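Student: quick one: sequence and predicted model below, then my questions.
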Amino acid sequence: MEGVDHLAHERNKAQFDVAVMKAVWAGSRDAYELFHRFSRLVANDPEMFIPAIKAQATEEQQKQWLPLANKMKIIGSYTQTELGHGSNVRGLETTATFDPKTDEFVLNSPTLTATKWWPGGLGKIATHALAHARLIIDDKDYGVHGFLVQLRSLDDHLTLPGITIGDIGMKYGSGAYNTMDNGSLIFDHVRIPRNQMLMRLSQVTREGKYVPSNVPRQLSYGTMVYVRQKIVFDASIALSRAVCISTRYSAVRRQFGSHNGSPETQVIDYKTQQARLFPLLASAYAIRFVSEWLNSFYKDLLQRLEAKDFSTLPEAHACTAGLKSITTSVAADGIEECRKLCGGHGYLTSSGLPELSAVYIPACTYEGDNVVMLLQVARYLMKTISQLKSGNKPVGTTAYLGRAEQLMQYHSDVLRAEDWLKPNVVVEAFEARAARMSMACAQNLSKFNNPEDGFQELSADLVEAATAHCQLIIVSKFIEKLQQDIPGKGVKEQLGVLRSIYALFLLHKHIGDFLSTDCITPKQGYLANEQLRSLYSQVRPNAIALVDAFNYTDHFLSSVLGRYDGNVYPKLYEEAWKDPLNDTSIPDGFHEYVQPMLKQPLHHGRL
Ligand SMILES: CCCCCCCCC/C=C/C(=O)SCCNC(=O)CCNC(=O)[C@H](O)C(C)(C)COP(=O)(O)OP(=O)(O)OC[C@H]1O[C@@H](n2cnc3c(N)ncnc32)[C@H](O)[C@@H]1OP(=O)(O)O
Ligand SMILES: Cc1cc2nc3c(=O)[nH]c(=O)nc-3n(C[C@H](O)[C@H](O)[C@H](O)COP(=O)(O)OP(=O)(O)OC[C@H]3O[C@@H](n4cnc5c(N)ncnc54)[C@H](O)[C@@H]3O)c2cc1C
């Protein structure tokens, strides 16, 4: 019935202050930032074009271009990926050849695979591209640099001479990503003034002299690092949206279990439903908190870079790449699991889940394919280990590797299931697992004469070691979050339950790592799983309140299953009748195509 809260009985069970939990969830990001995340499918993708200008343009160039971009006087596209190369940025083929006679660069797409392909906004709306191309001076190739190129007239929006642009066509399903005009672009000897090469990091003089960057060349990748840390925050929103929908629906849905006319069982009370749903609820909170930490780490990096302190740049790259990879995989897989948790109705567009999935899953690919990103983390871990011998003491997220010798002797001293509730017990187990997996890779790598051959041969193991390292970071940051002063009745206790669920779910899921590295015994693994079951019972009465704390409106969720009031069935039915198919009783085409078949006479008893 309208106006009735069908989930009131669930909300009354909450054992914590929901208003405080809402504030904890919102964290340091304001509402605009939250909304902005989902207005990202705008043409002028502010996520990339504007940050790239800020990162790679000189002050003078910023003064010229930023006001235009910020006021949408130009619409920009971050145009890096090509038909033939996306992951391998150093393999890009587009060229920008300096012409000293005219003080210009000539941009050209020498091959079909050099065609720019995928950049958002490029297909129909962008007027300018921040094009990544190989800088060529006097036939010498100086590698990939950024160039600002006008693509379309600002008068009639027609493409300019030498520019061939198109949309790359429909993408996965009917999802909203089809509102993004990801485009293709071919340059045919397009000339731009020399001052349209972004010259903050390296320059080309009027005489055609290349002045290399006096800072790490990887700063030219800075925009990708910036977006990757934002993507981690985005993962917490996407996953929490799906978890909110499937948790509320799981409390509404009843199936089996009726005795003597009693109501059927709420599916949220089935242990299998809890074992699938509650780790995702815990993961949403875990990803949110690690994204807060990552954002502060990134802001600290920016301050250091201003002071020409590059000391945390490698770690920032490894953390943004690795956490982007892990959190988007968890969120993408989690959204699909949430669909399945809603049974058949989860497959309806009106559930909001198919659309959320279709829009979200490319996050595992864009801004760095998730495996390629974990391989970057693995390189960083192997390099860190290789430097141990020279006395280099790792700090920050790899500090535990400085205690590798000690961790190699570690054995968990868990005796009872509740021992797994102690944060230090959990962190030690995760550190030992990560250290032993990385040390084993380093050991095996040392057997190869050519380290690169070894790295390729061992890359699957290295990805697993990188995953263990990133999961340790997320577990540690969840624990650190709870060491903060968090007011409110029961709030910290509930977050402590979620923290333990997150960690013990991972331990259970990756039990093979923990056993094969001899960090824990099978019995200790069994006790962890036993504790997990008990934790699910502790979350159960708070589940609805924990997803209410995400503070999402019904409009934002756009899901009949995830409605705040739980009034699902009437709204499901109402929503279905909005489908144009239900405008008429007899479907179009019936008389022309179906009825003649039905009217066909029977021949000898056969149709
Ligand atoms: C809501 C949210 C909105 C979400 C809104 C998002 C909307 C979708 C828009 C999507 C946009 C895109 O996809 S834009 C396109 C995104 N494309 C990508 O992400 C491409 C991924 N590929 C890459 O980043 C690079 O090719 C990478 C894989 C790192 C390899 O680069 P290189 O070959 O140059 O480097 P390597 O040889 O591997 O490493 C050399 C050294 O450089 C270091 N290094 C490499 N990259 C580094 C980096 N970024 N910063 C620091 N250091 C780096 C390595 O650690 C090595 O250090 P040492 O070992 O110490 O020497
Ligand atoms: C929705 C969407 C939006 C995008 N928007 C933009 C944009 O605005 N601007 C832009 O420039 N680009 C954009 N891209 C492109 C995106 O950045 C690339 O697709 C992404 O970087 C992956 O590169 P790739 O396609 O070359 O994948 P590939 O690297 O070709 O991946 C194919 C397979 O090869 C594997 N692989 C590749 N290299 C290795 C290796 N060294 N070791 C082991 N395995 C490897 C990968 O893991 C993967 O399984 C977008 C892509 C999508 C899907």
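Tutor: Yep, that arrived. Ligands and ions are numbered 1, 2, ... in the order given.

Student: and the helix or strand harbouring Ser291, what other elements does it pack with?
Tutor: Following DSSP states H and E, one finds Ser291 within helix 271-306. The contact analysis (3 or more Cβ pairs under 8 Å, 6 or more residues apart in numbering; DSSP states H and E) places helix 271-306 against helix 222-252, helix 313-341, helix 459-481, helix 491-509, helix 522-539, helix 543-548. From N, CA and C alone the C-beta is placed, and that goes for glycine too.

Student: among the ones you listed, which comes closest to Phe98?
Tutor: When the helices and strands packed on helix 271-306 are compared by Cβ to Cβ, helix 222-252 sits nearest Phe98, at 23.6 Å.

Student: test my guess that Gly120 contacts Thr79.
Tutor: No: when contacts are counted by Cβ atoms under 8 Å, Gly120 is not listed as touching Thr79 (9.3 Å).

Student: which of those two has more neighbours?
Tutor: Comparing Gly120 with Thr79 by other Cβ atoms under 10 Å, the one with more neighbours is Thr79, at 30 against 25.

Student: close to ligand 1: what parts of this structure are there?
Tutor: The chain has residues 37, 40, 47-48, 78, 80-81, 86-90, 120, 218, 221, 224-225, 227, 230-231, 234, 313-314, 317, 366-368, 372, 376, 379-380, 383 near ligand 1, with proximity defined as Cβ under 6 Å from any ligand atom.

Student: contacting residues around Leu280?
Tutor: Residues in contact with Leu280, defined by Cβ atoms under 8 Å, 6 or more residues apart in numbering, are 239, 242-243, 246, 334, 337-338.

Student: I'd like those written out as CSV, with neighbour count, pLDDT and distance to ligand 2 added.
Tutor: Supplementary listing: those in CSV, determined by neighbours: other Cβ atoms under 10 Å; pLDDT from 0 to 100; distance: Cβ to the nearest ligand atom, whole Å:
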residue, neighbour count, pLDDT, distance to ligand 2
Leu239, 30, 98, 18
Ala242, 32, 98, 19
Val243, 30, 98, 23
Ser246, 33, 98, 24
Gly334, 29, 98, 19
Glu337, 19, 98, 22
Cys338, 30, 98, 21
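
Student: out of the residues you listed, who's nearest ligand 1?
Tutor: Nearest to ligand 1 among the contacts of Leu280: Leu239, at 12.9 Å, using Cβ to the nearest ligand atom.

Student: quick one: the closest one and Asp333 touch, right?
Tutor: No: here Leu239 lies out of contact with Asp333, judged by Cβ under 8 Å, at a distance of 9.4 Å.

Student: for the stretch 101-250 of the chain, which segments are assigned as strands?
Tutor: Here the stretch 101-250 of the chain has its strands, by DSSP state E, counting those that start in this stretch, at 104-108, 116-117, 128-137, 140-150, 163-167, 183-187, 190-193, 203-204, 210-211.

Student: in a markdown table: those strands, plus distance to Ala321, mean neighbour count and mean pLDDT.
Tutor: Converted to a markdown table, the strands of the stretch 101-250 of the chain look like this (distance: least, Cβ to Cβ, whole Å; neighbours: other Cβ atoms under 10 Å; pLDDT from 0 to 100):
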| stretch | distance to Ala321 | mean neighbour count | mean pLDDT |
| --- | --- | --- | --- |
| strand 104-108 | 29 | 22 | 98 |
| strand 116-117 | 22 | 24 | 98 |
| strand 128-137 | 18 | 23 | 98 |
| strand 140-150 | 18 | 19 | 98 |
| strand 163-167 | 29 | 16 | 98 |
| strand 183-187 | 26 | 23 | 98 |
| strand 190-193 | 31 | 16 | 98 |
| strand 203-204 | 28 | 18 | 98 |
| strand 210-211 | 29 | 13 | 98 |
